[in-house]
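Undergrad: for reference, the sequence and a predicted model appear below.
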Amino acid sequence: MTKEEKVLEIIKRLDKRYPKVKTALNFKTPLDLLIATILSAQATDVSVNRVTEMLFKKYKKVEDYAKVSIEELQNDIRSINFYKNKASFIKNLAKAIIEKFNGEVPAKMEDLVKLPGVGRKTANIVLWNAFGINEGIAVDTHVKRISKLLGLTDNTDPEKIEQDLMKITPQNEWGRLSHLLIMLGREICIAKKPKHKECPLNDICPSSKI
DNA sequence: CTCCCGATAT
DNA sequence: ATATCAGGAG
């Protein structure tokens, strides 16, 4: 089985288990999702959703983030890790969106990654979930780990892994592949204790202990 | 490569 | 106690 065939089989099986897969982060607007995704770095989606439920009622426009004091913003997201960094990212990003993009979250990779606190992973999440655009593949900790376990890549650098996955995956499946692997990583192919017996990919996974 | 730095599961 | 969690910047 070629890697191209393997990816299609993986998508086919995971699609059956996770139909209509999408981000687990709650959001209504592109701005909401951008903020939530920044907050989600090395944090659980449950923690992020708990904070954003309050946050998105208080901050509805980029101007709200741009004008709030850094201390107040820090306090509003204090339960999330790296809250000082993230508060600065969000405030500076809001200013940048107002100055450079007329107050609208840009729907292009090259624009998104210029924003403070936004890398390709965050940009890919926003592009696909908020704009329906397949411009790349979000490689997070789950996608990184599982791609290697499945033998889809030999690289460890997320950007190289993304390139490898993009080469062997039809572009219209890029967003879905990423989110399907994330779901598998959260529920079955757990970093610490993979549930090989329950895994729908155990017969085509080189790392399976079954 | 290090730092950031709270909540949760085991 | 400690490993891990939808990472990114310096």
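TA: Looks like it arrived, so ask away.
Undergrad: now do the contacts for the residue most central in space within chain A.
TA: Taking CA atoms, centre = their mean, the centroid of chain A lies closest to residue A:125, which sits 4.4 Å from it. Counting by CB atoms under 8 Å, 6 or more residues apart in numbering, residue A:125 makes contact with A:23, A:25, A:33, A:37, A:138. For glycine as for every other residue, the C-beta is placed from the backbone atoms N, C-alpha and C.
Undergrad: repeat the analysis, applying 7 Å as the threshold.
TA: Contacts for residue A:125 were tallied using CB atoms under 7 Å, 6 or more residues apart in numbering; they are A:23, A:37, A:138.
Undergrad: filter these by proximity to DNA strand C?
TA: Contacts with DNA strand C within the contacts of residue A:125, counted by CB under 7 Å from any atom of the strand: A:23, A:37.
Undergrad: DNA strand C: which of the contacts of residue A:125 is nearest?
TA: Closest approach to DNA strand C among the contacts of residue A:125 (CB to the nearest atom of the strand): residue A:23, at 3.0 Å.
Undergrad: quick one: pLDDT of the closest residue to that closest one other than its chain neighbours?
TA: Residue nearest to residue A:23 in three dimensions, not counting chain neighbours: residue A:129, with 4.6 Å by CB to CB, 6 or more residues apart in numbering. Residue A:129 is assigned 97 on the pLDDT scale.
Undergrad: which residues touch residue A:129?
TA: A:22, A:23, A:33.
Undergrad: host element of it?
TA: In this assignment (DSSP states H and E), residue A:129 forms part of helix A:120-131.
Undergrad: quick one: is that helix near DNA strand B?
TA: No: Helix A:120-131 does not reach DNA strand B (CB under 7 Å from any atom of the strand); its nearest approach is 13.8 Å.
Undergrad: what about that helix, distance to the chain center?
TA: 7 Å (CA atoms, centre = their mean, to the nearest Å).
Undergrad: which positions within that helix qualify as buried?
TA: A:120, A:121, A:122, A:123, A:124, A:125, A:126, A:127, A:128, A:129, A:130 (16 or more other CB atoms under 10 Å).
Undergrad: and if you look at stretch A:21-33?
TA: A:21, A:23, A:24, A:25, A:27, A:30, A:31, A:32, A:33.
Undergrad: and the residue of chain A closest to DNA strand B?
TA: Closest point on chain A to DNA strand B, by CB to the nearest atom of the strand, is residue A:84, at 2.6 Å.
Undergrad: and that residue, how many neighbours?
TA: Residues lying near residue A:84 (other CB atoms under 10 Å) number 12.
Undergrad: repeat for residue A:143
TA: Per other CB under 10 Å, the neighbour tally for residue A:143 reads 27.
Undergrad: distance check, it against residue A:21.
TA: Counting by CB to CB, to the nearest Å, the separation of residue A:143 from residue A:21 is 13 Å.
Undergrad: by how many degrees do the helix ranked longest in chain A and helix A:120-131 diverge?
TA: Identified as the longest helix of chain A according to DSSP state H is helix A:83-100. If you take axes from the mean of the first three to the mean of the last three CA atoms, to 10 degrees, helix A:83-100 sits at 60 degrees to helix A:120-131.
Undergrad: now helix A:83-100: average pLDDT?
TA: When pLDDT is averaged along helix A:83-100, the result is 98.
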